[in-house]
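1. Structure, please.
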Amino acid sequence: MRFSVIIPVYNRPDELRELLESLSQQTRIPDEIVVVEDGSVNRADGVAESFKNRLNVRYFFKPNGGQGFARNHGFERASGDYFVIFDSDALVPPHYFETVEQHLQADWLDAYGGPDRAHPNFTPVQKAISYSMTSPFTTGGIRGSKKNLGGKYHPRSFNMGFSRKVFEKIGGYKISRMGEDIEFAVRIIETNFKTGLIPEAFIYHKRRTNFRQFYRQLRFFGRSRINIARFFPSELRLVHTFPALFTLFMFSLPIWFFVHPVLFGLAVSVPILLSILILIDAYRQEKSLKVAILSVEAAFVQLIGYGVGFLSEGWKRLLEPKSHQETGANIEYPS
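-> Numbers count the residues shown, from 1 in each chain. Next comes the predicted model:
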């Protein structure tokens, strides 16, 4: 089995260096690394060149079009029979490809996904953000489950692999931003390819380094969920509304004070109880009170950021002509 790794990069040469370093330390070295520079100003060609004595690195530059189309650029040029996608802000543990190869030989998957974790060297904020993106008390816990809520497992593009046969059958990404990985996974599943989670094929995902960046990212994720419903209405389920309902509830707290003091006290107890549960669970996992406290903040930033994006894009969709709602026409994708 020949593995081709596809890495889209946009103005992140230092992250690419760390990712390639982790790939060079694999117990089973991938056969090919395809780096696609997506119109960056701060280019990473020198970084890719510096690893050519340790890895089979191929570097390509294209005009900016978003990470989905950058990945397509890589798929079209890859020579392997199994494609593996990583975001540039990932670190890959040494056993990764050996683990994936053994799993595929024992139990074949046409497409797989793997979970993400916080590296021991991450900052407390990065560990808190990582917790919130994998916690059962937020939307993040869904992503590491073997099944998507209400259906089959949907691999996500930050850590995902699929066979060349999948690419030849369904093509690459149809959209480049705003939920491109979910749209891609839905088409894989609808074509009856076998998908699944490989729990041991985890990566360390650095994500954002401060809460302002994290909020902006999660607001974008909320918008993306509505955008996916333009193409696949059945993919919008009740569970996806929970962060939006929580956001509306949090914004309504001052109103409860004027309605009745007792009702206000009951309403305030909800975020307090949630904070306590997150604090205990995060401390149990991280063994750090500082990270646990930051995890509470990260969880609220995640839920409210996602909720705001969901509500704003949902309102926008309600005002669209019906033809646009069904086809995704005239959608303005942010850079």
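2. C-alpha from now on. contacts and neighbour counts both.
-> Will do.
3. Run a quick neighbour tally on Pro136.
-> 15 (other C-alpha atoms under 10 Å).
4. tell me the secondary structure for it?
-> coil (DSSP: H, G, I helix; E, B strand; the rest coil).
5. where does it land on pLDDT?
-> As predicted, Pro136 sits at a pLDDT of 85.
6. Confidence-wise, which helix or strand of the chain is lowest on average?
-> Counting by mean pLDDT, DSSP states H and E, the chain has its least confident helix or strand at helix 322-327, which shows a mean of 51.
7. mean confidence score for the longest helix anywhere in the chain?
-> If you go by DSSP state H, the chain has its longest helix at helix 289-318. Here helix 289-318 scores 94 as its mean pLDDT.
8. for stretch 173-180, same thing?
-> Here the average pLDDT along stretch 173-180 is 85.
9. can you check stretch 72-82 too?
-> What stretch 72-82 shows for mean pLDDT is 96.
10. For it, give me every contacting residue.
-> Residues outside stretch 72-82 that contact it (C-alpha atoms under 8 Å, 6 or more residues apart in numbering) are 1-4, 6-7, 31-32, 34-36, 83, 161-165, 167, 172-173.
11. ok, 6 Å please
-> Stretch 72-82 is contacted by residues 2-4, 6, 162-164, 172 when judged by C-alpha atoms under 6 Å, 6 or more residues apart in numbering.
12. Nearest to Tyr306 among these?
-> Comparing these against Tyr306 with C-alpha to C-alpha picks out Gly172 as the nearest, at 26.5 Å.
13. how many neighbours does that closest one have?
-> As a burial measure, Gly172 scores 20 neighbours (other C-alpha under 10 Å).
14. Val41 now?
-> Val41, neighbours per other C-alpha under 10 Å, totals 10.
15. about what we covered before: which other helices and strands does the longest helix of the chain contact?
-> Applying 3 or more C-alpha pairs under 6 Å, 6 or more residues apart in numbering; DSSP states H and E, one finds that helix 289-318 contacts helix 124-132, helix 211-231, helix 242-251, helix 261-286.
16. ok so, going back, buried ones among the contacts of stretch 72-82?
-> 3-4, 6, 162-164, 172 (16 or more other C-alpha atoms under 10 Å).
17. Distance of the residue lying closest to Tyr96 once chain neighbours are set aside relative to Gly74?
-> The shortest distance from Tyr96 to any non-neighbouring residue, by C-alpha to C-alpha, 6 or more residues apart in numbering, is to Ala201 (5.4 Å). Here Ala201 is placed at a distance of 22 Å from Gly74 (C-alpha to C-alpha, to the nearest Å).
18. Between the two, tell me which one has more neighbours.
-> Comparing Ala201 with Gly74 by neighbour count (other C-alpha under 10 Å), the higher total belongs to Gly74, at 26 against 22.
19. Neighbours of Arg16, how many?
-> I think there's a mix-up here, since residue 16 is Leu and not Arg. Around Leu16 there are 24 other residues, counting by other C-alpha under 10 Å.
20. can you check the one 10 residues further on too?
-> The number of residues packed near Gln26 is 16, by other C-alpha under 10 Å.
21. ok, it - contacts?
-> Applying C-alpha under 6 Å, 6+ apart to Gln26 gives the contacts Pro94.
22. Quick check: which ranges of the stretch 151-300 of the chain have low pLDDT?
-> Within the stretch 151-300 of the chain, the segments meeting pLDDT under 70 span 151.
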